[in-house]
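Trainee: Just need the structure, nothing else, for what follows:
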Amino acid sequence: MDAVFTLVLSLLTVESSYAQETERAATKVPDTIQFWLAPAAQWRIRTYAIDHDIHTYTLGPRADGTGFTAEEATAHTKKHYGDIISSTVVLTFRDPNNKDEVRRVLTEHKLTGTLEVNKSGIAFYNPDSGEYRTKSQPK
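Mentor: From the prediction side, this is the model:
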């Protein structure tokens with residue numbers, strides 16, 4: 001069976017800046033909570049729309065070697081961000097580097113941004129195709 005890559009994407013109703021400790025209703029681009037579930041590793045990703053900041057967290061495997069499921073990622077996000085979730089979608093890719101496949105999957109879910117895959121294999125949904133990079137350190 002081919003490898004499957006899953007992105008659990010929650011768009012939030014807010015836009016914020018971690019560094020400035022500011023949060024307001026989203027006007028153009030929302031913040032996101034994302035889980036990138038790849039065969040070899042998994043990450044939780046948080047984007048902050050105001051200053052295009054991004055925080056990534058590696059999720060280690062459980063004692064039995066299994067990783068997070070899409071259902072667990074959705075439940076986790078709902079538990080911690082339920083009051084500010086606009087929508088959550090689960091996107092599945094066979095090859096996240098295949099631009100045609102990525103475009104098709106994003107279009108099927110009415111998403112206008114892009115999927116960015118970095119050299120280490122972390123992928124995240126970039127809602128406005130802006131330049132996201134880590135600009136602040138979590139406290």
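
Trainee: going forward, measure contacts and count neighbours with C-alpha atoms only.
Mentor: Will do.

Trainee: quick one: buried residues of the lengthiest helix in the chain?
Mentor: For the chain, the longest helix by residue count, based on DSSP state H, is helix 70-81. Using 16 or more other Cα atoms under 10 Å as the test for burial, helix 70-81 gives 70, 73, 74, 77.

Trainee: Likewise for stretch 105-114?
Mentor: Neighbour counts over stretch 105-114 (16+ other Cα under 10 Å) mark 106, 114 as buried.

Trainee: pLDDT on that stretch, on average?
Mentor: Averaged over stretch 105-114, pLDDT sits at 97.

Trainee: List the contacts of stretch 21-29.
Mentor: With contacts defined as Cα atoms under 8 Å, 6 or more residues apart in numbering, stretch 21-29 is touched by 12, 13, 14, 15, 16, 17, 49, 127, 128.

Trainee: Ends of that stretch, what's the gap?
Mentor: Terminal residues of stretch 21-29 lie 17 Å apart, using Cα to Cα, to the nearest Å.
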